[in-house]
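Enquirer: could you work out the structure for the sequence below:
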Amino acid sequence: MITAEGFGLEGPRGRVFRDVTFTAPAGSLIAVEGASGSGRTCLLLSLTGRIRATEGRAEVAGLRLPKQLAAVRRVAALGSVTGVSELDPALTVGEHLRERALLRRRFGGSLRELLRPGGTEAARVDEALSAAGLDLSALPKAERTAARDLERLEALRLGTALALLARPEVLAVDDTDHKLAPAERERAWAMLRGIAANGTTVLAVCTQAPEDAVVVRTRAPVADGHATERDAEHRDEDHDDTDEEGAADAHAEAGSA
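Expert: Sure, this is the predicted structure:
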């Protein structure tokens, strides 16, 4: 279950998001809906323990925020997030999977798993790929396909599969519908619905939420509470700066953790 009450974040430039309140049971598909620059990604990172919120409170899988950041990070996995957990364009799909599996085995597995010859990483990788709907044989060069050569939906599936290797209680996906055609958006949401149906709570940032999701909306904060025409004209530029700051803060905090 994820709950939030008056959840907010204020950074060096002012409020990033504020007054987020919602309740969603475990296994929900939660859509964080809003325009680019409205604090969507920072909310995603705050609810997964990567950024410390400055207002209100939240609870993720029985763990309280902002007090239990490290514990929340252990149960919440990130898909590809620019500046935080993005794919390396120079690595192949197979290299991404092997690297993540080795890291999980080294740092995320139990002592018994670490001592077991061979372990069960191959089965775990197959399970994650199946859940994410990524068919390696359908890629141009199968597992030797470079991340830079993936189509947008394929990259989304790979980022999701990498996150699922940890078998998290919460999966966080950024920019779910970014640069996807309508049919591709439907396939992306179908993938996330399937993951949620199997018991993993899914947090997905988007510009337009599907009707069956628990919708959490973010809005770009305005200092005096009233947007002007000039604000609207320059909103995209200002939002890009805010998103970059939030991603940089998250990257620094995740690295120090």
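
Enquirer: what ranges does the stretch 151-257 of the chain have for its helices?
Expert: 152-164, 182-197, 229-256 (DSSP state H, counting those that start in this stretch).

Enquirer: worst mean pLDDT among those?
Expert: Among the helices of the stretch 151-257 of the chain, helix 229-256 carries the lowest mean pLDDT, at a mean of 42.

Enquirer: any weak-confidence spans in the chain?
Expert: 105-120, 220-257 (pLDDT under 70).

Enquirer: swap the cut-off to 80 and go again
Expert: Low-confidence segments of the chain (pLDDT under 80): 13, 104-121, 219-257.

Enquirer: nearest spatial neighbour of T41, skipping sequence neighbours?
Expert: D174 (5.6 Å; CB to CB, 6 or more residues apart in numbering). In short, each C-beta sits where N, CA and C put it, glycine included.

Enquirer: the one you found: how many residues sit nearby?
Expert: Residues lying near D174 (other CB atoms under 10 Å) number 25.

Enquirer: which residues does R57 bridge with?
Expert: Using DSSP bridges, the bridge partners assigned to R57 are E5.

Enquirer: next up, the contacts around it.
Expert: Going by CB atoms under 8 Å, 6 or more residues apart in numbering, R57 touches 4-7, 64-66.

Enquirer: ok, V32 next?
Expert: Here V32 is in contact with 40, 43-44, 203-206, 216, 218 (criterion: CB under 8 Å, 6+ apart).

Enquirer: quick check, nearest of those to V75?
Expert: Taking CB to CB as the measure, L203 is the one of those closest to V75, at 12.3 Å.

Enquirer: now that closest one: closest residue in space that isn't a chain neighbour?
Expert: A172 (4.5 Å).

Enquirer: helix, strand, or coil at E59?
Expert: Of the three states, E59 takes strand according to DSSP: H, G, I helix; E, B strand; the rest coil.

Enquirer: tally of neighbours for it?
Expert: Around E59 there are 17 residues (other CB under 10 Å).

Enquirer: tell me how far the host helix or strand of R100 lies from the chain's centre.
Expert: Taking DSSP states H and E as the definition, R100 sits inside helix 93-103. In terms of CA atoms, centre = their mean, to the nearest Å, the centre of helix 93-103 is set 18 Å apart from its chain centre.

Enquirer: just want the angle from it to helix 152-164.
Expert: 20 degrees (axes from the mean of the first three to the mean of the last three CA atoms, to 10 degrees).

Enquirer: what are the buried residues along helix 93-103?
Expert: Buried residues in helix 93-103, counted by 16 or more other CB atoms under 10 Å: 93-94, 96-97, 100-101.

Enquirer: show me what the residue nearest to L203 bridges to in the sheet.
Expert: The partner residues for A172, given DSSP bridges, come to L78, L203.

Enquirer: for R64, see how far away it is.
Expert: 18 Å (CB to CB, to the nearest Å).

Enquirer: so between those two, which is more surrounded?
Expert: Using other CB under 10 Å, the more surrounded residue of A172 and R64 is A172, with 26 against 13.

Enquirer: ok, the more buried one - contacts?
Expert: 44-45, 47-48, 76-79, 81, 163, 202-204.

Enquirer: so can I have CSV of these showing distance to G56?
Expert: CSV is the format used below for these (distance: CB to CB, whole Å):
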residue, distance to G56
L44, 16
L45, 15
L47, 12
T48, 16
A76, 18
A77, 24
L78, 22
G79, 25
V81, 22
A163, 26
V202, 22
L203, 17
A204, 21
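
Enquirer: do I have it right that A35 meets C206?
Expert: No - using CB atoms under 8 Å, A35 is not in contact with C206, being 10.8 Å away.

Enquirer: more neighbours: the two, which one.
Expert: A count of neighbours by other CB under 10 Å puts C206 above the other of A35 and C206, at 24 against 15.
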